[in-house]
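**Q** Predicted coordinates and the sequence they were generated for:
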Amino acid sequence: LSGIEELLQLFAKGELSGGAGFNISQNELDRAQLSMDDIESCYPATPLQKEMYRLCQDPNLPITNVTQMITVYEGVSSQFMDTARFEKIWNRVISRNEILRSSFVPDEQGDTMLVVRKNATATVTVKDFSELDEAAQRTAIDALLEEDHNDRYDLSQAPLLRIYWVDLDKTVGRVAIIQSNHQIILDGWSSGLLLEDFTKCLIGELTGSDIGAIDPRRNFSRYLEWLDEVSNETCSQHWKQSLGDYCGTDPVLSIMEEPKEGGHQKGSYDAKEATIDEGLIESIKVAARSTQTTSNALFQAAWALALAKTGRSDDFIYGVTVSGRAGELEDISQIVGQATNSMPIRVQLGQLERIGDLVQSIHQSNNEAQSYNLISLPQIEKEIEWNKGQQLYSSNVIFENLPTPEIAVESDSQQDLSLPIGIKETWWRDSWHFPLRLFVVPGPTTWIRIAYNKDMFRAEDIEMLTSTYLDYLNAVHEKIDSSVKELIEG
């Protein structure tokens, strides 16, 4: 790591460029214990990546920002797929996507830099749980996920990705595939884009066909170069104006447990989930049209009311995840990487008479969050001189409005590409650096998920918060013209 830091000091002094070229002598490369072939390019990381890097470097903080996706397949035959071939396909995906070859190190000024390596490979970890019954298999998978989560990622290495192949039933070809990654490299939007590329590489491997080079629009460096040219001064000014007079209290603190001795170390998460009735979804859509807002605004209005009820607060902040994909960069939706950020949503109930006013206020705040997202939360806290000893907010809302992957692949081979594989089950786990998060996942079946750090909240308090949230979600669409105060006190 010290060698890379030394190399990046040269970058900071202008002796090494971002992009493909290097203006550095061989002697300096030798002194840094690197060869010309090791590094492709260097860029300043995004605001959220810098925050994730800072959190990961502190051993006293719980391990966070890890996503684990688990998919159970059936019909996986060794005739067309085994662990060696699977690993080969994944490494082809890594070689094609520069964000998967990226690591993170500080420069001379302590700023976080993203380093794209020319080469990086992953080794698939193989586990055999086929001798266990289904209940024991699930227990073993949960233990494997916990072990993976607690193995803190070294962000100076690449890829920041781990792949597991778990045999469950060899007679029917049942296999669990686990993809674990640090969120510093990938956001939810990128998951579909990676699936598209994995499918291309899979077809290429099975048929021997030429899938061509990856679309250069996918390169995360395009986003970083654009970000480096954009000034965040307007972002700083906006948040200073919007939050400069804020002196409220985070309502989540009212149900947060005091840290145990040694602090909240484990970062172990649990969640409450609920499916939203189709009739309610339609009613929410109607209310959104009547207020000229979105369904997202109504889901967040119910969250704001639940927080206000829980913490007895009328001026508070929660966070919202913005995609970071609404910028002026051409084809920004095609980039594979971590473009999201968490932005503050301020709720001032004392200034809002009707529920409709609350919905419209949240809608407007979300638009502003998307427009002024090129700044990190610590930077915002510094701008508004926030010094209360805790983060500005500790809950975050994620409305999953992700693109559908296009996995159809044309092949120049005449080989039959139909494979007898089916997906039996899929689920995911993740830990974010906010201890409480609300996920809203729209689709044919819309569901919500309230994820929480088990070391920081009691299950019964989260159960009560979930119940309160669902009550308000069922009420807001009917009570657009009702008093905010009466609804909270009712």
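**A** Now that the structure is in, tell me what you want to look at. Not measured: the values here are computed from a predicted model.
**Q** Give me the distance from stretch 176-194 to the chain's centre.
**A** In terms of Cα atoms, centre = their mean, to the nearest Å, the gap separating the centre of stretch 176-194 from the centre of its chain is 8 Å.
**Q** Now the terminal residues of that stretch, how far apart.
**A** According to Cα to Cα, to the nearest Å, stretch 176-194 extends 18 Å from its N-terminal end residue to its C-terminal end residue.
**Q** same thing with stretch 374-386?
**A** End-to-end distance of stretch 374-386 (Cα to Cα): 19 Å.
**Q** how about residue 157, what does it touch?
**A** Contact analysis of residue 157 by Cβ atoms under 8 Å, 6 or more residues apart in numbering lists residue 103. In this view, the C-beta of every residue, glycine as well, is placed from N, C-alpha and C.
**Q** looking at this protein, which helix or strand is least sure?
**A** Within the chain, judged by mean pLDDT, DSSP states H and E, the helix or strand with the poorest mean is helix 26-31; its value is a mean of 43.
**Q** Tell me which stretches of the protein form strands.
**A** Along the chain, counting by DSSP state E, strands occupy 39-44, 66-74, 102-106, 112-117, 125-128, 161-169, 174-182, 269-275, 315-322, 341-348, 395-399, 422-431, 436-441, 447-453.
**Q** Give me the residue ranges of this structure where confidence is low.
**A** Of all residues in the chain, those with pLDDT under 70 make up the ranges 1-36, 108, 259-267, 403-420.
**Q** quick one: the helices in it?
**A** 2-12, 26-31, 47-57, 83-96, 134-150, 188-207, 220-229, 233-243, 278-290, 295-311, 355-371, 377-383, 459-476, 484-489 (DSSP state H).
**Q** Report the angle between the fourth one and helix 188-207.
**A** With axes from the mean of the first three to the mean of the last three Cα atoms, to 10 degrees as the basis, helix 83-96 and helix 188-207 are set at 130 degrees to each other.
**Q** what's the spacing between helix 83-96 and its chain's center?
**A** For helix 83-96, the gap between its own C-alpha mean and the chain's C-alpha mean amounts to 23 Å (Cα atoms, centre = their mean).
**Q** what does the longest one give?
**A** When distances are taken as Cα atoms, centre = their mean, helix 188-207 is centred 19 Å away from the chain's centroid.
**Q** what helices or strands is that helix leaning on?
**A** Secondary-structure packing of helix 188-207 (3 or more Cβ pairs under 8 Å, 6 or more residues apart in numbering; DSSP states H and E): helix 83-96.
**Q** Which elements pack onto the helix it packs on?
**A** strand 161-169, helix 188-207.
**Q** Surely residue 145 is in contact with residue 429?
**A** Yes - proximity of residue 145 to residue 429 meets the contact threshold set by Cβ atoms under 8 Å, at 6.0 Å.
**Q** Between these two, which contacts overlap?
**A** Residues within reach of residue 145 and of residue 429 at once, by Cβ under 8 Å, 6+ apart, are 68, 70.
**Q** Look at the two and report which has more neighbours.
**A** Comparing residue 145 with residue 429 by neighbour count (other Cβ atoms under 10 Å), the higher total belongs to residue 429, at 20 against 17.
**Q** Leaving aside the residues adjacent along the chain, what's closest to the more buried one?
**A** Once its chain neighbours are removed from consideration, residue 429 has its nearest residue in residue 68; the separation is 4.7 Å (Cβ to Cβ, 6 or more residues apart in numbering).
**Q** Quick check: that neighbour vs residue 427, distance?
**A** Residue 68 sits 9 Å away from residue 427, taking Cβ to Cβ, to the nearest Å as the criterion.
**Q** Looking at the two, which is more packed in?
**A** Set side by side, residue 68 and residue 427 give different neighbour counts by other Cβ under 10 Å, the larger being at residue 68 (20 against 10).
**Q** Tell me what that one is bridged to.
**A** Under DSSP bridges, the beta-bridge partners of residue 68 are residue 180, residue 429.
**Q** Tell me if I'm right that residue 254 and residue 308 touch.
**A** No - between residue 254 and residue 308 there is no contact under Cβ under 8 Å: 10.9 Å.
**Q** more crowded one of these two?
**A** Neighbours were counted for residue 254 and for residue 308 using other Cβ under 10 Å; residue 308 has more, 22 against 13.
**Q** contacting residues around that one?
**A** With contact taken as Cβ under 8 Å, 6+ apart, residue 308 is in contact with 251, 314, 316, 347, 349, 488.
**Q** now that we have these, which one has the most neighbours?
**A** Each of the contacts of residue 308 was scored by neighbours using other Cβ under 10 Å; the highest score is residue 347's, at 27 neighbours.
**Q** Could you tell me how far that residue is located from residue 366?
**A** Counting by Cβ to Cβ, the separation of residue 347 from residue 366 is 12 Å.
**Q** swap in residue 221?
**A** Counting by Cβ to Cβ - residue 221 and residue 366 are separated by 29 Å.
**Q** can you check residue 293 too?
**A** 9 Å.
**Q** got it, and residue 423?
**A** Applying Cβ to Cβ to residue 423 and residue 366 gives a distance of 33 Å.
**Q** hang on, the earlier thing: residue 149 is in contact with the residue nearest to residue 429, correct?
**A** Yes - here residue 68 lies in contact with residue 149, judged by Cβ under 8 Å, at a distance of 7.0 Å.
**Q** Save the helices and strands packed on helix 83-96 as a markdown table, and put in distance to residue 246 and mean neighbour count too.
**A** Listed next are the helices and strands packed on helix 83-96 as a markdown table, based on distance: least, Cβ to Cβ, whole Å; neighbours: other Cβ atoms under 10 Å:
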| stretch | distance to residue 246 | mean neighbour count |
| --- | --- | --- |
| strand 161-169 | 38 | 20 |
| helix 188-207 | 29 | 19 |
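**Q** Any chance of these in JSON lines with distance to residue 462 as columns?
**A** Formatted as JSON lines, the entries for the helices and strands packed on helix 83-96 read as follows, by distance: least, Cβ to Cβ, whole Å:
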{"stretch": "strand 161-169", "distance to residue 462": "29"}
{"stretch": "helix 188-207", "distance to residue 462": "22"}
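**Q** Thanks again, I'm all set now.
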